[in-house]
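Undergrad: Take a look and give me a structure for this.
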Amino acid sequence: MAYHLCSSPSSLLHERQPLCNSLCSLQKSKVRNFAFSYKLPQSKTFLHVNLVSLQEPVPQAKDVNSAEDANFQDLGGESTPSTKSYIWVNPRSPTAKLLWKNSYDARYTSLVKLAESLNSCDSSEEDVSKILSGLGDKILEQDAVVIINNMLNPETALLALEYFRKKIKPRREVILYNVTMKVFRKCKDFERAEKLFDEMLERGVNPDNITFSTIISCARMCALPDKAVEWFEKMPSFGCEPDDFTYSAMVDAYGRAGNIDMALSLYDRARTEKWRIDTVTFSTLIKMNGMSGNYDGCLNVFEEMKALGVKPNLVIYNTLLDAMGRAKRPWQVNAIYKEMINGGFSPTFGTYASLLRAYGRSRYCEDALKIYKEMKEKGMALTTILYNTLLSMCADVGYKDEAVEIFEDMKSSGTSEPDSWTFSALITIYSSSGKVTEAEAILNEMIESRFEPNIFVLTSLVQCYGKAKRTDDVVKTFNRLLDLGITPDDRFCGCLLSVMTQTPKEEFYKLSDCIEKANPKLGSLLKYLVEEPEGDVNFRKEASELFDSIGAEVRKAICNCLIDLCVNLNMLEKACELLDLGLTLEIYTEIQSRSQTQWSLHLKSLSLGAALTALHVWINDLSKALESGEELPPLLGINTGHGKHKYSDKGLAGVFESHLKELGAPFYEAPEKAGWFLTTKIAVQSWLESRGSPEVVAA
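TA: Predicted coordinates:
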């Protein structure tokens, strides 16, 4: 095995092992001979030494400039090809130490020590000059490059640059500026980098590709993507053409700057021209696709990255987990997390936070609670946002006991304080269960913590008092909302309407007054249902105008409540009219389906009153089909879903089982298909023929 000293400092940037280490290792391995690549001290020319070796000779250097130019590679200048001259010397030879002393290896080591001294000295011209005076009057350009390249202090680096500019006349002055700019990049000092660029122009120094790539990468490191884009777009005006590495970096910069089209355009070009893209850029691409809702694009980038041989790091995995969480794809979150663990990565706080958000959004309660317990076991402190994510999930699925435990843990954590959203989630949990005392206790705690109840809290309280049949408290809560200067929104009005469906008819007037103040259109429609209408009123037209005026996210809930109210008031015709309007406006979709083998009624998304109304309409449709001679399919089914309401033991399946028995309908719940009530063509045909007039729907 041969060790050598090389006169070319460019190679020393990659091989900085001192000679003593080499000699020790050689002595340990009992190697008798090794090679020194040696060049005598430089003046104006180098002495080229012929090779003395049993191996194949290495070509001699052709000229001085080739060796000197090699110095600029990775330092701030564009490299030119260079060759090296070697001489093989016995390591035990008395001349070994002399050769080492006179080689550039020794000189390079001393230059690095000078740079270290400059890093720690005072930022004054006097101190910097004193340290650099040790170089003497004849300073090599490559010495100046090596010193500045090894510096970390931006202030003394500028003083060193000025010192060298006065002492030497570099062949390419831009190289000294480039390595100085790299010091600013190491220190993430973008402001100084821009000022240095302006100084270059003032002194007539033309920037090159290295200048721009350095300042662009500095902007990226300083989290200034807009600046990176700005400097990238300046390159053509200075006659500079970006290389593949700069183009690849700009995929990341454009993505972070929000110019998605340009980022994707460059990425498409990168794939075509096979540019080398780093993991930071891939992470930005995944995040960019996730923020724009292109979740399949996130997965495509991830797979393309692996196909190109770029190994995912923890940042990539965390970014992808977060994107799949936003997409509400917990199954893919599970697969990615498993791949990450199998790859030898240990989850960080960022990993757990992404998992918690993903499972919480998708209501994967058991998985979310498992991650929560694992974080607690590892002593990780959750943020208020993560606590709220868990509490919101518990509120949506009715996990009361778990929510109380999480709330108490949050208060005792010492790192997270409950905020308005925290109290809102807890009040929602108690309100949905009709737990008035508990809900009011949390409300009082919220007020004591100096949080005013917002519209979400007041909406939950209205729901709570409604379940407890405390209509007067519902009215008080409505008035409290007005006193706080809060404008009732569509959800609040929907909640009032929902309470009305549970309220005795003699107390309707209390709620109808509130609803009329909150939404005059809805109040007018209710008056038509509850009171005797004055004059001719086009009910369908008024209902249609109401649905056009409210948000799409609450239309189904309000339509469900209106139908429930009609059913409670035995206004079957109006209930059917509202259901038909809901189908026309596509508030309800795919309630009925037909195939050659089965006709089905799908009720899972409907309230009880709306589901009973849909059943009534469907049975009438079956009767009409039979009367018209239409052939019924072999199988007919009603799909109610098998789940129960999250805050109730009731579900549509249980109610429908009793209701179908009352009707004498030959539908029976299929043991192998929970929530499905099935019958045969012969059975239903016989039942329909035996019926007289259509049955009245009753809730």
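
Undergrad: correct me, but residue 581 touches residue 545?
TA: No - with contact defined as C-beta atoms under 8 Å, residue 581 and residue 545 do not form a contacting pair (11.0 Å). The way it works is simple: take the backbone N, C-alpha and C, and place the C-beta from them, glycine included.

Undergrad: Tell me which of the two has more neighbours.
TA: Applying other C-beta atoms under 10 Å to residue 581 and residue 545 shows that residue 581 carries more neighbours, namely 20 against 13.

Undergrad: For that one, give its distance to residue 538.
TA: Shown here: residue 581 relative to residue 538, a distance of 12 Å by C-beta to C-beta, to the nearest Å.

Undergrad: Show me what the helix or strand that contains residue 160 is packed against.
TA: Taking DSSP states H and E as the definition, one finds residue 160 inside helix 154-167. Using 3 or more C-beta pairs under 8 Å, 6 or more residues apart in numbering; DSSP states H and E, the elements in contact with helix 154-167 are helix 104-120, helix 125-132, helix 141-149, helix 173-186, helix 190-202.

Undergrad: try it again with 7 Å
TA: helix 104-120, helix 125-132, helix 141-149, helix 173-186 (3 or more C-beta pairs under 7 Å, 6 or more residues apart in numbering; DSSP states H and E).

Undergrad: Turn those helices into CSV, columns for mean neighbour count.
TA: Converted to CSV, those look like this (neighbours: other C-beta atoms under 10 Å):
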stretch, mean neighbour count
helix 104-120, 18
helix 125-132, 16
helix 141-149, 25
helix 173-186, 24
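
Undergrad: out of those, which comes closest to residue 499?
TA: With C-beta to C-beta as the criterion, residue 499 lies closest to helix 173-186 of those, at 63.4 Å.

Undergrad: contact partners of the closest one?
TA: For helix 173-186, contacts defined as C-beta atoms under 7 Å, 6 or more residues apart in numbering pick out 72, 75-77, 144-145, 148-149, 151-152, 154, 157-158, 161, 164, 170, 192-193, 196, 200, 205-208, 210-211, 214-215, 217-218, 221.

Undergrad: Drop anything exposed from these.
TA: Members of the contacts of helix 173-186 that pass the buried threshold by neighbour count (16 or more other C-beta atoms under 10 Å) are listed as 72, 75-77, 144-145, 148-149, 151, 154, 157-158, 161, 164, 170, 192-193, 196, 200, 205, 207-208, 210-211, 214-215, 217-218.

Undergrad: Regarding residue 137, what is its secondary structure?
TA: The local conformation at residue 137, judged by DSSP: H, G, I helix; E, B strand; the rest coil, is coil.

Undergrad: Over to residue 385?
TA: Using three-state DSSP, the secondary structure recorded for residue 385 is helix.

Undergrad: Next, the angle from the helix holding residue 160 to helix 104-120.
TA: Relative orientation of helix 154-167 versus helix 104-120 (axes from the mean of the first three to the mean of the last three C-alpha atoms, to 10 degrees): 130 degrees.

Undergrad: which residues touch the lengthiest helix in the chain?
TA: Longest helix of the chain, by residue count under DSSP state H: helix 608-627. Here helix 608-627 makes contact (C-beta under 7 Å, 6+ apart) with 560, 563-564, 567, 575-576, 579, 591-592, 601, 603, 606, 632, 652, 655, 659, 684-685, 688, 694, 697, 699.
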